[in-house]
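>>> need a structure here:
(2 chains)
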Amino acid sequence: MNIENLKSQMRKGMLEFCVLLLLDKGDAYASEIISQMKEAHLIVMEGTLYPLLTRLKNDGLLAYRWEESPSGPPRKYYSITDTGRAFLVELHKSWQEISHTINHLININNNNNQTPVQ
Amino acid sequence: MKKTLPVNISGKVYYIDEDAYDLLKNYLFQLRNAFPGDEGAEIVSDIESRISELFEARINEGANVITYADVNKVIETMGRPSDLSDASDYDGAAAQPGGNTAGNAAGSGAGVFQNGGNDPDYMTIKVKKHLYRNVNNKVFGGVMGGLATYLGWDATIMRIFYVVLMLFSYFWPLLLIYMMLWMVIPPANTPLRVLNMQGAPVTVDNIGQSVLSSTPPPYQGVPAQQSGSSNFFATVVSVAAKCIMALIGMFSSMAALALFVAFMAVLTGMIAYVATGSEVILQNLNFQMYDSVVLGCSTVLCALMMIMIPCIALTWLACCVLFKAPSASKTVVITGIVLEVIFIAATVVLGTIVGASLSLIL
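Numbering: from 1, shown residues only, chains lettered A, B, ... in the order given. Below you'll find the model as predicted:
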């Protein structure tokens, strides 16, 4: 049983949720999304975000438009679509359920053993 | 001093060192192959425009030229292909900074690597090998090379086996089968096909192992897709040339072998004669004059060598053309020519002497 593998399995799928959450607060272009996610320690390798954005866009969860930038190449601004919002609501629900269940289990554990879990 | 090239990345022009250019080109090329199709083109184009931004930032910092180190740094930032598919490094780092709740949030992003870097389809499905002609390992059309790769056997052994089989089966049927396979099986002429042929999953990982190393990727030797009648004609000509070379090589190698056997026979006979002084051994030969037996044998040996050297040279040449054998070095060629000249001269001189003494006796 590889703990690292298990961890990544656990985290799989969370990133879409994070991207949708970020874009729900306002439109952003890839570099902005990257910098915000980096701040939150969500990603280290920037290259990982692009396939994800493209997939979300092709699935109709995101839309984009081009905007000229004052310096550098034109920017691709992503925005969340209605489908994306619906998706986000579903994901949010699901997250709360999982979070609730896990917290519940942790609390049972705490009450039984009287040792807080790190 | 370094050569610098102007490159256009997402509509912005940057001056970039030549080595940095090669590295970047390699990186983008391999990314492009990692993300196939239209979607892949879009992903790579997005990544390119991000790279352009990073370069822009570098220029704003005061740099005039994008250097190798800059490109390396960009690749580190974007993700070395091997890192993109291997989350273990990051998991360790990500687990530390956060406590209970922060760690949870930070951790949830670590899966990015599994999710974003690779298409999950490519990761989970064990890729089946596809049959392609192995153009990187070919004698004629790469059919045997492709089959060998497909079956996981050794190409050379397969070729020998096939040729032997061909010789034992009236030659033509298997030749026709080969021709048909050649026409039917597509060539592995793109990196994607090469990976499919090897049964390697198409991930950023395995195409990208060589991005940062200076060694060229294994498929760099693959020529760009060729099509059209002119190429077909060229192929036909080169195949015909190869066939002729194969025939020449076959005959010359057989001749060389026969000559070698004859040489050894004559040499053995001569040594036996000199050692024993026996006349019995040579009674079957047509030499009437025993005193000049050694002289006669030497003449024959020189003559044999004289013919054998060109045969060996032809065989080697055929091997060079067909099997990409290492071509002969200058020294070998010169030595061969000198030996050939010596043997011709020796044959002529010895032949004259033998002839003269024969005519004297007769």
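>>> can we go C-alpha only for contacts and neighbour counts from here?
Will do.
>>> need the strands for the stretch 101-250 of chain B, in chain order.
In the stretch 101-250 of chain B, no strands are defined using DSSP state E, counting those that start in this stretch.
>>> Please state the offset of stretch B:257-266 from the chain centre?
How far stretch B:257-266 lies from its chain's middle: 34 Å, per Cα atoms, centre = their mean, to the nearest Å.
>>> Mean confidence (pLDDT) on that stretch, please.
Throughout stretch B:257-266, pLDDT has a mean value of 88.
>>> where does the chain dip in pLDDT?
Since no chain was named, I'll use chain A. A:1, A:5, A:7-13, A:41-44, A:72, A:113-118 (pLDDT under 70).
>>> not quite, I wanted chain B
Within chain B, the ranges that satisfy pLDDT under 70 run B:80-128, B:190-192, B:200-231, B:277-292, B:360-362.
>>> again, 90 this time
B:1-5, B:8-14, B:17-64, B:66-337, B:339-340, B:342-362 (pLDDT under 90).
>>> How is it divided into domains?
Split into domains by automatic domain parsing, chain B comes to B:4-124, B:126-225, B:243-361.
>>> Any chance of those domains in a markdown table with distance to chain A as columns?
Formatted as a markdown table, the domains of chain B follow (distance: least, Cα to the nearest Cα, whole Å):
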| stretch | distance to chain A |
| --- | --- |
| domain B:4-124 | 4 |
| domain B:126-225 | 11 |
| domain B:243-361 | 40 |
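>>> could those be laid out in TSV, adding mean neighbour count?
Shown next, in TSV, are the domains of chain B (neighbours: other Cα atoms under 10 Å in any protein chain shown):
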stretch	mean neighbour count
domain B:4-124	19
domain B:126-225	17
domain B:243-361	16
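>>> Kindly reformat these as JSON lines containing distance to A:S79.
JSON lines is the format used below for these (distance: least, Cα to Cα, whole Å):
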{"stretch": "domain B:4-124", "distance to A:S79": "16"}
{"stretch": "domain B:126-225", "distance to A:S79": "28"}
{"stretch": "domain B:243-361", "distance to A:S79": "56"}
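>>> Using the three-state scheme, assign the residue positioned nearest the centre of chain A.
Central residue of chain A (Cα atoms, centre = their mean): A:C18, 1.8 Å from the mean position. Put simply, A:C18 is helix when judged by DSSP: H, G, I helix; E, B strand; the rest coil.
>>> Can you list phi and psi of A:R75 for me?
When read as degrees, to the nearest 10, the backbone of A:R75 gives phi -110, psi 150.
>>> Could you confirm A:P73 falls within a strand?
No. A:P73: not assigned to a strand; according to three-state DSSP it is coil.
>>> Report whether the expected contact of it with B:F55 is present.
No. The pair A:P73 / B:F55 is not scored as a contact, 10.7 Å apart, by Cα atoms under 8 Å.
>>> Return the residues in contact with B:A69.
B:A20 (Cα atoms under 8 Å, 6 or more residues apart in numbering or on different chains).
>>> does it sit in a helix, a strand or a coil?
Classification of B:A69 using three-state DSSP returns helix.
>>> and the gap between it and B:V13?
19 Å (Cα to Cα, to the nearest Å).
>>> do you know how far B:A313 is from B:I248?
Distance from B:A313 to B:I248, by Cα to Cα: 11 Å.
>>> Over to B:C320?
13 Å.
>>> now B:A148
B:A148 is 26 Å from B:I248, by Cα to Cα.
>>> Can I get stretch A:30-47 in CSV? Just the C-alpha atoms.
What follows is stretch A:30-47, C-alpha atoms only, in CSV (Å, rounded to 0.1, in the frame of the first residue of the first chain):
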residue,chain,number,x,y,z
ALA,A,30,-4.7,31.4,-17.0
SER,A,31,-1.8,33.2,-15.4
GLU,A,32,-4.1,34.7,-12.7
ILE,A,33,-5.6,31.3,-12.0
ILE,A,34,-2.1,29.9,-11.7
SER,A,35,-0.9,32.6,-9.4
GLN,A,36,-3.9,32.2,-7.1
MET,A,37,-3.6,28.5,-7.0
LYS,A,38,0.1,28.8,-6.3
GLU,A,39,-0.6,31.1,-3.4
ALA,A,40,-3.0,28.5,-2.0
HIS,A,41,-0.4,25.8,-2.5
LEU,A,42,-2.7,24.1,-4.9
ILE,A,43,-0.3,23.5,-7.8
VAL,A,44,3.4,23.7,-8.3
MET,A,45,3.7,22.8,-12.0
GLU,A,46,1.9,25.3,-14.1
GLY,A,47,1.7,23.0,-17.0
